[in-house]
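Show me how the following folds:
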Amino acid sequence: MKLRFYNARYLDTNEMAVKKGTVCTNGERFSYVGSTENAPENEVYDRDIDLKNDLIIPGFCNAHTHSPMVFLRSFAEDLPLDRWLNEAVFPNEAKLLPEDSYTLTKLAVCEYLSGGTTSCFDMYFSAPEQTAKAFIDTGFRGVFCGAVNNFCGSPKLLEEHYVKLNSISPLISYKPGFHAEYTTSLEIMEQIAALAQKYHAPVWCHNSETKSETEGCISRYGKTPTELMESIGMFEYGGGGYHCIYFTENDMDIFRRHNMTAVTNPASNSKLASGIADISSLMSHGINVAIGTDGAASNNALDMFREMYLCTVLQKFRYSDAAAMPAENVLRAATLGGAKAMELDCGSIEAGKLADFAVVDMRRPSMQPENDIVKNLVFSGSKDIIRMTAVGGKILYENGGFAGIDTEKLYHDCARICERIFAK
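Have a look, this model is predicted:
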């Protein structure tokens, strides 16, 4: 699809500056971004859209989530992580059917798109082929991470998914991964490290999410989770960790040395009382930082605006310093940082980049006055301001409607899944 947006403003995430001009797409990529005076002439577009000074921003890259877990939204509340997992999450996840993952993922996609998110890094044990099909059918961009542990999956199945899902669609890619050190034996982790070396691939997992998890690893192996994984060759080709709350200086040095990414999930970590990751130190160590929502079971929203707000204000709280974690750093993490983590050619509004973007309605009350638009996006922005979201140059969400998705039927089908699973 060829699109032209004129009378537009766009966010340059490299300079963190708002610029005026014209933005064009030709198929899945931006074909022109710049001044109106230099824009292509005599081109024919499928849609020619007057933005009337509204703002085009890169789509958010949700760098850690569990899309099908929307069925557990507001179900297991007020429990610490260990009880939350073992008493509420694992027993009900065991009742999921493969086709459930397809339907539930479509609900998650609607929530992503309505908030300006154009891609996600999805980790889930159940039916990744069904989740991938939901992404493809809705036009959403999904990067998968394996979730192998002692109870489900295997390195052999991980390899099968890696080969299969990396070849089914330009919208889909797959990275090796496992749930976490505390749920995965050393033997399995060593096999995954060997797999990463075989394919020259990065490895991802939950890492140092709780104090007890980190202390348990030190008790078992005399090393932090990060130190243990490095010792068995897990990071030869990079990768990263989700949460990364209880990191030591050496953990940070390991991440920097292997060019890895730390993904922070401030809402989930706060809600489960897991802790506050030291994002300021991670960034000062030169580590790429990305932002994710985690799953709807522990958040309970899939809203990157809320994550950005929490990411900056929790650093201010942690350091007792109102100047800690500028909004610009957080917005960069939610776009370019996530794109780097997921190895996607997006995260900025530039000619040649994937046309994954959202349009912000600058006439919403929370965007006025325009004293500082970047700070407005981080501190007062919300899903309310998103009027359009596109992935690969295709408009998937516009003015409250979703392309090709019957939301009433979808909501009904999701409710029936919950009724079956939660039936006494």
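
can you pull the buried residues of stretch 149-167?
149, 153, 155, 158-159, 161-162, 165 (16 or more other C-beta atoms under 10 Å). From N, CA and C alone the C-beta is placed, and that goes for glycine too.

Please apply the same query to stretch 168-178.
171-178.

Could you do stretch 183-193 as well?
Neighbour-count burial for stretch 183-193 flags 183-184, 188-189, 191-193 (criterion: 16+ other C-beta under 10 Å).

re earlier: closest to S208 among the buried residues of stretch 149-167?
Distance to S208, by C-beta to C-beta, is smallest for N149 among these, at 16.5 Å.

pretty sure the closest one contacts E181?
No - if you go by C-beta atoms under 8 Å, N149 and E181 don't touch, sitting 9.9 Å apart.

rewinding a little: next, give me the two most distant ones among the buried residues of stretch 149-167.
N149 and L165 (18.8 Å).

What about the buried residues of stretch 168-178, which are in strands?
If you go by DSSP state E, the buried residues of stretch 168-178 have 172-175, 177-178 in strands.

so how many other residues sit close to D12?
14 (other C-beta atoms under 10 Å).

Quick one, which of the buried residues of stretch 149-167 has the minimum pLDDT?
Among these, G153 has the lowest pLDDT, at 92.

Can you lay out the buried residues of stretch 149-167 as a markdown table showing secondary structure?
Below are these laid out as a markdown table (DSSP: H, G, I helix; E, B strand; the rest coil):
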| residue | secondary structure |
| --- | --- |
| N149 | coil |
| G153 | coil |
| P155 | helix |
| L158 | helix |
| E159 | helix |
| H161 | helix |
| Y162 | helix |
| L165 | helix |
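
Out of these, which is nearest to Y309?
For the buried residues of stretch 149-167, the nearest to Y309 is N149 (32.1 Å; C-beta to C-beta).

Following element in sequence after the host helix or strand of V33, please.
Using DSSP states H and E, V33 maps to strand 29-34. Using DSSP H and E, the helix or strand that follows strand 29-34 towards the C-terminus is strand 47-50.

pLDDT averaged over that following strand - what is it?
Confidence for strand 47-50, expressed as mean pLDDT, is 98.

after it, next one along is what?
strand 55-58.

list the contacts for the residue nearest to Y102 when sequence neighbours are not counted?
Spatially, and ignoring its direct neighbours in sequence, Y102 is nearest to Q130 (4.1 Å; C-beta to C-beta, 6 or more residues apart in numbering). Residues near Q130 by C-beta atoms under 8 Å, 6 or more residues apart in numbering: 98-99, 101-102, 105.

again with H243
Residues near H243 by C-beta under 8 Å, 6+ apart: 206-209, 263-265, 269, 274, 277.

Other residues contacting the helix or strand L107 falls within?
Assigned by DSSP H and E, L107 belongs to helix 98-114. With contact meaning C-beta under 8 Å, 6+ apart, helix 98-114 is reached by 62, 65, 67-71, 118, 120, 124, 126-131, 133-135, 137-138, 140, 296, 301-303, 383, 386, 389, 396-397, 400, 402, 405, 407, 410-411, 413-414, 417.

The residue nearest to Y102: what secondary structure?
helix.

Which pLDDT value does the model give it?
Looking at Q130, its pLDDT is 95.

what does the one 10 residues further on give?
We have a pLDDT of 98 for F140.

burial measure for it, as a count.
Neighbour tally, F140, other C-beta under 10 Å: 27.

check contacts around Q315.
By C-beta under 8 Å, 6+ apart, Q315 lies in contact with 276, 279-280, 324-325.

at 6 Å what do you get?
279-280, 324-325 (C-beta atoms under 6 Å, 6 or more residues apart in numbering).

Kindly report the same for A277.
Contact analysis of A277 by C-beta under 6 Å, 6+ apart lists 244-245, 264.

ok, so of those residues, who is nearest I254?
Using C-beta to C-beta, those come closest to I254 at C244, 11.3 Å.

Is the residue nearest to the closest one when sequence neighbours are not counted bridged to anything, and to what?
Closest residue to C244 apart from its sequence neighbours, by C-beta to C-beta, 6+ apart: A262 at 4.2 Å. Under DSSP bridges, the beta-bridge partners of A262 are G241, V289.

quick one: which of the contacts of Q315 is nearest R47?
M325 (38.0 Å).
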